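Chemist: I'll drop the sequence and a predicted model, then ask my questions.
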Amino acid sequence: MNQVIISIPNPEDDLDALHYEMWMLNNIRKSTFSTFSAERKQVIINSLLESFLVHARNLIDFLEKNKEQDDIVCSDFKDKNGDFINKIPVNLQSDMKIHMNKYVNHLTETRKSTKPAWKLHEIKQGINKSLEDFINQLSDQYFPTQGNKDRNSFLKLLT
């Protein structure tokens, strides 16, 4: 007999997943690797850049996207008044979001012909501002999370 396990959504677990995305976005840095060859250094630098951009895209989708299937989006959560939080736009140059999709997350013709000038600090600032708005709206019922994170542990990541 097969046993079916039904997972009941738990917003506190969802916030721990969000915390991880925020932590990665705000802690990925380009570094120097003096013991590596020039080629190996470039692989590591590209990996860090692509990792940053993937986490950036995940957080933008969390803030701006409509719910699809099992996605976690900000409108899954309630604010301090008990209302569901509306989508929160991320203020970035319009082409940055397109470049993240076309250049990093998919193999496209655009990728061959365009190499974006990634403005990482601006991307991080734009996302962090919207995340701060989200975290400050959240109902206290979500804290502490299953991972024992409080509101301040989220806000500290944004500095």
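Modeler: That came in fine, so what should we check first? Residues are numbered from 1 along each chain as shown.
Chemist: who are the neighbours in contact with the residue most central in space within the chain?
Modeler: The chain has Leu59 as the residue nearest its centroid, 2.5 Å off, counting by C-alpha atoms, centre = their mean. Leu59 makes contact with Leu18, Glu21, Met22, Leu25, Val90, Ile127, Leu131 under the criterion C-beta atoms under 8 Å, 6 or more residues apart in numbering. The C-beta positions use only the backbone N, C-alpha and C, and glycine is treated the same way.
Chemist: Okay, and it sits in which element?
Modeler: Per DSSP states H and E, Leu59 falls inside helix 38-64.
Chemist: Past that helix, which element shows up next along the chain?
Modeler: Downstream of helix 38-64 (by DSSP H and E), the next one is helix 94-99.
Chemist: tell me which strands and helices that following helix is in contact with?
Modeler: Using 3 or more C-beta pairs under 8 Å, 6 or more residues apart in numbering; DSSP states H and E as the contact test, no helix or strand touches helix 94-99.
Chemist: chain center to it, what's the gap?
Modeler: Mean C-alpha position of helix 94-99 versus that of the full chain (C-alpha atoms, centre = their mean, to the nearest Å) differs by 15 Å.
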